[in-house]
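**Student:** Sequence unavailable; structure follows:
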């Protein structure tokens, strides 16, 4: 995969001062005992939503601005956030999730609740709101968060009619090899590289998308859909280069043109401990470079949370208006 040799622009990153980091820590420490630390309990989410209002003003302002306008890259990186001082070994089991509150879990949850409502999917990791992204033995070649081969660029849960609007990835343990990098590419950067014909074809309902392996085969292929949606001059994108399939040759050519354009504008970022990467899932696709797991407890470990802007929109796919979508 050819990635840009340049880091993300400096205006996509916010680094907290040590005093601000300590303020965040005080906020999330108060969440640890709520309802026994059961993060999937509605009362814990309610408490986290209230606690998010006490995050440092500068952080809340950056999150609010990102929600309003995600910028050319569609990524916000927040650095120097608190995590646990004494982590257990990186999990190696399939479907790993966090069911109990932790410092890092509280950080990513409160940040995401400044962007929208946290959501999950019933058929993905048991519907847990706080999920682990870790390499899993035997899943190396899988196109999923459990794999370690190159993860192709994709819209998160592109197949689902209610995809998350935002994706949060927080690093609690960095890749010891230094090889694993989060890759992002914005449709706002790629669009000018496309021909008029490719734009037209990508805006037509000529594509099908399958669910990712993390859904365990419990979902079907989407109805035929367009890859570019909305305003022609600033469209949203819905694509997964591992599982989106064109229905005819012109669509295949246009999809390949988009893939090449995305690779030309891709940034690769090595996440460090305390880094939180927020991705606007409507504008920016993401993936990961390949790496070599050790499976010795020291491998890369991220927490993942999804955010949705409109609870009314997602309600049709939830039970009793909850956070877990069908």
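**Tutor:** Structure's in. What do you need? Remember, it's a predicted structure, so these values are computed and weren't measured experimentally.
**Student:** what secondary structure does the residue nearest to residue 52 when sequence neighbours are not counted sit in?
**Tutor:** Once flanking residues are discounted, residue 52 sits nearest to residue 110: 4.0 Å by CB to CB, 6 or more residues apart in numbering. Glycine gets a C-beta too; all of them are placed from N, C-alpha and C. For residue 110, the assignment made with DSSP: H, G, I helix; E, B strand; the rest coil gives helix.
**Student:** What separation is there between residue 110 and residue 79?
**Tutor:** 16 Å (CB to CB, to the nearest Å).
**Student:** So for these two, which sits in the more crowded spot?
**Tutor:** Taking neighbours as other CB atoms under 10 Å, residue 110 and residue 79 compare with residue 110 leading, 26 against 17.
**Student:** Was I right to think the more buried one contacts residue 60?
**Tutor:** No: in this structure, residue 110 is not within contact of residue 60 by CB atoms under 8 Å, at 9.8 Å.
**Student:** anything in contact with each of the two?
**Tutor:** residue 52 (CB atoms under 8 Å, 6 or more residues apart in numbering).
**Student:** Would you mark the buried spots in the lowest-mean-pLDDT helix or strand in the chain?
**Tutor:** Between all helices and strands in the chain, the lowest mean by mean pLDDT, DSSP states H and E belongs to helix 311-314, at a mean of 76. For helix 311-314, burial by neighbour count (16 or more other CB atoms under 10 Å) applies to residue 314.
**Student:** Now do the same for residue 304: helix, strand or coil?
**Tutor:** Applying three-state DSSP: residue 304 is strand.
**Student:** and what of residue 71?
**Tutor:** The assignment at residue 71 comes out as coil when based on three-state DSSP.
**Student:** Let me see the confidence value for it.
**Tutor:** On the pLDDT scale, residue 71 is placed at 96.
**Student:** Equivalent analysis for residue 87, please.
**Tutor:** 94.
**Student:** what about it, how many neighbours?
**Tutor:** 15.
**Student:** before we move on, what about the one 3 residues further on?
**Tutor:** Around residue 90 there are 21 other residues, counting by other CB under 10 Å.
**Student:** Kindly report the same for residue 260.
**Tutor:** 13.
**Student:** let's have the chain start at 30 instead
**Tutor:** Sure, I'll start counting at 30 from here, so that last one is residue 289.
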